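S.K.: Any chance you can model this:
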Amino acid sequence: MHTITLVTNPAMFLDPALVDSLRNAMGGGTAVWLDPRHAAEFEVPKLPRDLDGVWRSLQAEGVDLVAQPSGDRKRRMLLADMDSTMIGQECIDELAAEAGVGAAVSAITARAMNGELDFEGALTERVALLKGLPETTIETVLARRIRPMPGAETLVATMKANGAHTALVSGGFTAFTEVVAARLGFHEHRANTLLSEGGALTGSVAQPILGRDAKVQALEEISARLGISAGDVLAIGDGANDLGMIERAGTGVALHAKPVVQAAAPHRINHGDLTAILFLQGYSRDEFVTP
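M.R.: A predicted model of the protein is given here:
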């Protein structure tokens with residue numbers, strides 16, 4: 001058996017007629033409404049051959065569809081990317097905007113996140129453009145520019161309340177993950193370290209650089225420490241450097257992700273906010289924890 005989950009953007013409504021039509025076409029069981037307006041699920045004995053075609057047609061209507069093996073889908077660990085996943089910004093792009101090199105850095109970021117450039121090389125190139133930027137700019141960016149994605153606090157709080165461990169892993173910088181992890185309630189965080197001297201950034205980052213392989217390593221190390229398996233992990237991200245952990249985790253989700261990531265990820269959320277990650281695990285709206 002498989003469970004089909006349907007989720008919309010919170011600004012939209014999930015049409016009951018659409019849910020019933022899909023359920024009937026797939027020979028599914030009774031629809032369970034996880035949220036009376038935005039999310040429903042039902043079990044099917046087997047997946048349709050053209051599931052991807054069904055997914056594409058629903059995307060045009062603003063509806064996400066995720067199919068998973070039935071059973072206990074609540075994961076014991078959340079492993080989340082930060083930039084454009086748990087927050088709505090790319091921190092290095094925001095620093096670059098303050099430094100007056102925003103366009104150049106943003107162009108490199110976009111190509112790196114879509115897998116067109118080597119992540120480590122692209123990060124080194126972008127950080128070099130920040131040389132001489134006052135360290136205090138980090139505090140300014142955090143205060144003025146960095147905002148959590150909708151549903152971020154609820155996702156973390158609900159999973160923690162149900163016994164899950166939460167880890168923020170970023171190809172960005174510890175100066176940001178430390179603050180964002182604390183704001184959102186993560187148990188721990190990992191990221192790269194920007195180097196500074198005399199109160200200004202040197203244009204370098206400490207080695208080794210945390211990229212795709214290091215995120216997989218984080219999944220393996222933290223799950224081993226907790227005594228759980230990779231199958232107990234839910235990993236979410238949007239960039240090419242997230243694909244390793246997304247593919248390794250028991251539940252891997254590309255969240256509003258770049259095309260190369262969507263093409264390879266097991267599951268995709270393009271319309272729902274971060275509470276969609278809770279619906280995928282079978283949580284209903286009345287089980288959500290608001291911090």
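S.K.: So which residue of the protein lies furthest out from the middle?
M.R.: Gly198 (35.2 Å; Cα atoms, centre = their mean).
S.K.: Tell me how many other residues surround Met245.
M.R.: Met245: 27 surrounding residues under other Cβ atoms under 10 Å. Where C-beta positions appear, they are placed from N, C-alpha and C, glycine not excepted.
S.K.: Return the residues in contact with it.
M.R.: Each residue near Met245 by Cβ atoms under 8 Å, 6 or more residues apart in numbering is listed here: Leu79, Val169, Lys215, Val216, Ala218, Leu219, Ala235, Gly237, Gly252.
S.K.: Rebuild these as a markdown table, extending it with secondary structure and distance to Ile138.
M.R.: Shown next, in a markdown table, are these (DSSP: H, G, I helix; E, B strand; the rest coil; distance: Cβ to Cβ, whole Å):
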| residue | secondary structure | distance to Ile138 |
| --- | --- | --- |
| Leu79 | strand | 24 |
| Val169 | strand | 19 |
| Lys215 | helix | 22 |
| Val216 | helix | 28 |
| Ala218 | helix | 23 |
| Leu219 | helix | 27 |
| Ala235 | strand | 27 |
| Gly237 | strand | 23 |
| Gly252 | strand | 31 |
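S.K.: TSV for those residues, including pLDDT?
M.R.: What follows is the contacts of Met245, written out as TSV (pLDDT from 0 to 100):
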residue	pLDDT
Leu79	98
Val169	97
Lys215	96
Val216	96
Ala218	97
Leu219	98
Ala235	98
Gly237	97
Gly252	98
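S.K.: so what's the spatially closest residue to Ala264 that is not a sequence neighbour scoring on pLDDT?
M.R.: In this structure, Ala264 finds its nearest non-sequential neighbour in Leu243, 5.7 Å apart by Cβ to Cβ, 6 or more residues apart in numbering. In this model, Leu243 is scored at 95, pLDDT.
S.K.: What about Leu243, how many residues nearby?
M.R.: Leu243 has 24 neighbours, counted by other Cβ under 10 Å.
S.K.: Look up how far Glu41 lies from it.
M.R.: From Leu243 across to Glu41, the span is 26 Å (Cβ to Cβ, to the nearest Å).
S.K.: Which parts of the stretch 151-291 of the chain are helices?
M.R.: 152-161, 174-184, 212-226, 243-248, 259-264, 276-280 (DSSP state H, counting those that start in this stretch).
S.K.: Deepest in the core, which of the ones you listed is it.
M.R.: Highest mean neighbour count of the helices of the stretch 151-291 of the chain: helix 276-280, a mean of 27 (counted as mean count of other Cβ atoms under 10 Å).
S.K.: still on that earlier bit, just send the helices of the stretch 151-291 of the chain back as CSV, with distance to Ala191 too.
M.R.: Formatted as CSV, the helices of the stretch 151-291 of the chain follow (distance: least, Cβ to Cβ, whole Å):
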stretch, distance to Ala191
helix 152-161, 17
helix 174-184, 4
helix 212-226, 10
helix 243-248, 14
helix 259-264, 19
helix 276-280, 21
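S.K.: By mean pLDDT, show me the worst of the ones you listed.
M.R.: Among the helices of the stretch 151-291 of the chain, helix 259-264 carries the lowest mean pLDDT, a mean of 92.
S.K.: Strands along the stretch 101-250 of the chain, start to end?
M.R.: Secondary structure of the stretch 101-250 of the chain (DSSP state E, counting those that start in this stretch): strands at 165-173, 188-192, 194-197, 200-205, 233-237.
S.K.: could those go into CSV alongside mean neighbour count and distance to Asp64?
M.R.: CSV is the format used below for those (neighbours: other Cβ atoms under 10 Å; distance: least, Cβ to Cβ, whole Å):
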stretch, mean neighbour count, distance to Asp64
strand 165-173, 25, 23
strand 188-192, 21, 27
strand 194-197, 16, 35
strand 200-205, 18, 35
strand 233-237, 29, 13
